[in-house]
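# Next comes the sequence, and after it the predicted model I'd like to discuss.
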Amino acid sequence: MNDPFYVTTPIYYVNDEPHLGHAYTTILADVLARYARLRGQPTFFLTGTDEHGQKVQDAAQARGISPQAHANEMVLRFQNAWENLHIANDDFIRTTQSRHTRVVTTILQDLWDKGEIYQGSYTGWYCVPDERFWTEKDLVDGNCPDCGRPVEQLEETNYFFRMSAYQEWLISYITQHPDFIRPETRRNEVLGFLRQPLSDLCISRPASRLSWGIPLPFAPDYVTYVWFDALINYVTAAGYLSDQDRFERLWPQVMHLIGKDILITHAVYWPTMLHAIGLPQPKTIFAHGWWVVEGTKMGKSLGNAVRPLDLVEIYGTDAFRYFLMRDMTLGRDADFSEAAISQRYHAELANDLGNLLHRLVNMTQRYCEGQIPAPEALPDATTSDLRTHTEILIGETFARVEALALNEALIAIMEVVGEINKYLEHTAPWKLVKQGETARAATVLYYAAEALRLTSLLLHPVLPEKTAELWERLGWQLPARLADGLHWGGLQPGAKVNSGSPLFPRI
Ligand code: ME8
């Protein structure tokens, strides 16, 4: 339990604006990191940008500026987007930073010295006007998939990593570590891929063709293939070759969150690279599904990219985070639609959660002089049940989060929110007050408010801003050690409640 939790997102290409897909993985990592912090686990959450390679060079060229100037501009868009989405990452890595290029260079030299990298020749389909290689399966009717012009077969000297040597090792590692690649469908996909002979990995590009990359230390007229460079970010940021103690604590615990589009690079290239370097494997590589619109993957290239910040402006950051976590079953694809966000927003956040707070604060003001009452009367069975269900929810939520069943965690939390609403209907404190049963009314209001405080603490990783607002209304403050808040009895009788505008106003 006191092992650190180290979670990573893919580092995103800076050829593109941040879009919904990027936002999703980053929010997912943020939510997992916040749950880990809530239960008192030391946490390290890493995200960043992938700044080398052909795509970025092309994007910069199209704008007539240098790739570094382009990256410097684009990185701000990512960083601003993450700030707007309440992402609390502990580090942000850029592959053009010297801390990273140093590590990549050292690893390359080391692998070269050990004979893990060799010079060879690469044959592929080359588009002369585009100055770009394509593989057989990229071609469209035998022509360049980009410009449609004919391609020619070209041979080029390059450098290769002896990936094929590790095929058998990798198969047995995956077989022996059932939690290494998750979910199981993706694990099977990788094992299926490994049924074909694995080839060596071309890890260089001649600088004459692609200059935007890290030069190979043993062949400076070549730059490093962008994936070989990018994957290493995960060890750079953990302190590899700079802070060995920290690295050894963090590295074996790492969970890589990725989309299913980049499974093979993470589950085949990366483990074999680590093995050749002599480093242990990540604990988990988890590939989630895609957000799709009418069956098509969302992304800029399809022209259907939803700009996350546009929707955030309408529904607010926290509701947007809630929707993304609530509507994707991790591992499967999920449908994105604004109608679905609106439905969740109004039914679950505005009605169930927002109204509950509103009613509780109102009644506390009317019947208890605006102060959290002391639970004087002995709780009856329904009241005790509410407490028991809320307390059980704490352990269940962390278990579901650990199983990466975030949607189920949210469903269960919202069920308890629903139970608090029903509890108020059933006990009807307004009637109790009329009948002069004020001690009983005070107990009901205390129990309902305390149950709401605890459930909202469990929602905090998903709704960081709204829950803070909610606690301000309930007269409660998050303790310095978050886990201290996870016990029944946190609300102090006498604390002053505050009214305010609706937590989730109707749109
Ligand atoms: O692949 N649904 O960067 P990238 C869900 N630089 N997630 C999606 C998505 C969608 N429709 N579209 C994209 C790269 N994503 C490399 C990674 S890591 C060492 C290098 C998310 O900018 C998902 O996490 O193309 C996917 O893996 C990532 O964006 C790809 O981002």
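Nice, I can see it.
# From here on, just use CA atoms for contacts and neighbour counts.
Noted.
# Does the ligand have contacts with the lowest-mean-pLDDT helix or strand in the chain?
Taking mean pLDDT, DSSP states H and E as the measure, the chain has strand 296-297 as its least confident helix or strand, at a mean of 74. Yes: against the ligand, strand 296-297 shows contacts by Cα under 6 Å from any ligand atom at residue 297.
# quick one: contacts of that strand?
By Cα atoms under 8 Å, 6 or more residues apart in numbering, the list of residues contacting strand 296-297 from outside reads 290, 291.
# Sheet partners, orientation included, of it?
strand 291-293 (antiparallel) (DSSP bridges).
# quick one: is the partner strand near the ligand?
Yes: using Cα under 6 Å from any ligand atom, strand 291-293 reaches the ligand at 291, 292.
# roughly how far is that strand from the heart of the chain?
17 Å (Cα atoms, centre = their mean, to the nearest Å).
# Where does the prediction get shaky in the stretch 301-450 of the chain?
When residues are selected by pLDDT under 70, those of the stretch 301-450 of the chain lie in 301-309.
# cool, the chain as well?
Along the chain, segments meeting pLDDT under 70 span 1, 298-309.
# near the ligand, which residues of it show up?
Residues of the chain lying near the ligand (Cα under 6 Å from any ligand atom): 10-13, 21-22, 25, 50, 230-231, 258-259, 261-262, 290-292, 297-299.
# Could I have the buried ones of those as PyMOL selection syntax?
Of these, the buried ones go into a single PyMOL selection, burial set by 16 or more other Cα atoms under 10 Å:
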select buried, resi 10+11+12+13+21+22+25+50+230+231+258+259+290+291+292+297+298+299
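# Inside strands: which ones of the residues of the chain next to the ligand?
Of these, the ones assigned to strands by DSSP state E are 12, 13, 50, 258, 259, 291, 292, 297.
# Can you check my assumption that residue 175 lies in a strand?
No: counting by DSSP: H, G, I helix; E, B strand; the rest coil, residue 175 is not found in a strand; it is helix.
# sorry, back to before: next SSE downstream of the least confident helix or strand of the chain?
For strand 296-297, the succeeding helix or strand toward the C-terminus, using DSSP states H and E, is helix 308-315.
# what sits up against the following helix or strand past that following helix?
Once helix 308-315 ends, the next helix or strand along the chain (criterion: DSSP H and E) is helix 317-327. Residues from elsewhere that reach helix 317-327 (Cα under 8 Å, 6+ apart): 24, 27-28, 84-86, 311-312, 334-335, 341, 344-345, 349, 406-408, 410-411, 462-466.
# For helix 317-327, output the C-alpha coordinates as CSV.
Coordinates of the C-alpha atoms in helix 317-327 are reproduced here as CSV (Å, rounded to 0.1, in the frame of the first residue of the first chain):
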residue,chain,number,x,y,z
THR,A,317,-14.4,21.3,-16.4
ASP,A,318,-15.7,19.0,-13.7
ALA,A,319,-18.8,17.9,-15.5
PHE,A,320,-16.7,17.2,-18.6
ARG,A,321,-14.3,15.0,-16.5
TYR,A,322,-17.3,13.3,-14.9
PHE,A,323,-18.8,12.4,-18.3
LEU,A,324,-15.6,11.0,-19.7
MET,A,325,-15.0,8.8,-16.6
ARG,A,326,-18.6,7.7,-16.4
ASP,A,327,-19.3,6.9,-20.0
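# chain center to it: distance?
Using Cα atoms, centre = their mean, the offset of helix 317-327 from its chain centre is 12 Å.
# And stretch 180-198, by the same measure?
22 Å.
# neighbouring contacts of that stretch?
Looking at what lies outside stretch 180-198 - Cα under 8 Å, 6+ apart - the contacts are 163-164, 167, 171, 174, 260, 263-264, 267-268, 282-287, 331.
# In PyMOL, select just the buried ones from those.
Applying 16+ other Cα under 10 Å to the contacts of stretch 180-198, the buried members can be selected in PyMOL as follows:
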select buried, resi 163+167+171+174+260+263+267+268+282+283+284+285+286+287+331
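# Can you tell me the SS state at residue 349?
When classified by three-state DSSP, residue 349 comes out as helix.
# meant to ask about residue 205, not that
Taking three-state DSSP as the rule, one finds residue 205 in the strand state.
# Adjust the sequence numbering to begin at 174 for everything that follows.
All right, first residue 174 from here; so that's residue 378.
# surely it meets residue 392?
No: with contact defined as Cα atoms under 8 Å, residue 378 does not count as touching residue 392 (10.7 Å).
# ok so, going back, which of the ones in strands among the residues of the chain next to the ligand lies closest to residue 537?
Nearest to residue 537 out of those is residue 464 (Cα to Cα; 42.7 Å).
# so who does that closest one touch?
Residues near residue 464 by Cα under 8 Å, 6+ apart: 194, 470, 471, 506, 507, 508, 509.
# Among these, name the ones in helices.
residue 194 (DSSP state H).
# Count the residues that sit near the residue nearest to residue 543 when sequence neighbours are not counted.
Once flanking residues are discounted, residue 543 sits nearest to residue 537: 5.1 Å by Cα to Cα, 6 or more residues apart in numbering. By the criterion of other Cα atoms under 10 Å, residue 537 has 23 neighbours.
# contacting residues around residue 537?
By Cα under 8 Å, 6+ apart, residue 537 lies in contact with 543, 544, 545, 546, 618, 670.
# The last one and residue 544 touch, don't they?
Yes: applying Cα under 8 Å as the test, residue 670 and residue 544 come out as touching, 5.8 Å apart.
# joint contacts of these two?
Shared contacts of residue 670 and residue 544 (Cα under 8 Å, 6+ apart): 537, 538.
# Just the buried positions in stretch 401-420, please.
401-413, 420.
# got CSV for those, with secondary structure too?
Shown next, in CSV, are the buried residues of stretch 401-420 (three-state DSSP):
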residue, secondary structure
401, helix
402, helix
403, helix
404, helix
405, coil
406, helix
407, helix
408, helix
409, helix
410, helix
411, helix
412, coil
413, coil
420, helix
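# Dump these into a markdown table; add distance to residue 610 as well.
Shown next, in a markdown table, are the buried residues of stretch 401-420 (distance: Cα to Cα, whole Å):
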| residue | distance to residue 610 |
| --- | --- |
| 401 | 71 |
| 402 | 70 |
| 403 | 66 |
| 404 | 65 |
| 405 | 66 |
| 406 | 64 |
| 407 | 61 |
| 408 | 63 |
| 409 | 64 |
| 410 | 61 |
| 411 | 60 |
| 412 | 62 |
| 413 | 65 |
| 420 | 61 |
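# would you list every one of the helices in the stretch 524-673 of the chain?
Taking DSSP state H, counting those that start in this stretch as the test, the helices found in the stretch 524-673 of the chain are 528-540, 554-575, 579-600, 602-607, 611-632, 637-647.
# Please name the nearest non-neighbouring residue to residue 505.
Among residues not flanking residue 505 along the chain, residue 462 sits closest, at 4.6 Å (Cα to Cα, 6+ apart).
# err, residue 323, not the other one
Using Cα to Cα, 6+ apart, the nearest residue to residue 323 is residue 316, at 4.7 Å.
# sorry, back to before: buried subset of the contacts of helix 490-500?
Buried by 16+ other Cα under 10 Å: 197, 200-201, 258-259, 484-485, 507-508, 514, 517-518, 522, 579-581, 583, 635-637, 639, out of the contacts of helix 490-500.
# Please identify which helix or strand holds residue 328.
strand 325-334.
# swap in residue 210?
Assigned by DSSP H and E, residue 210 belongs to helix 193-211.
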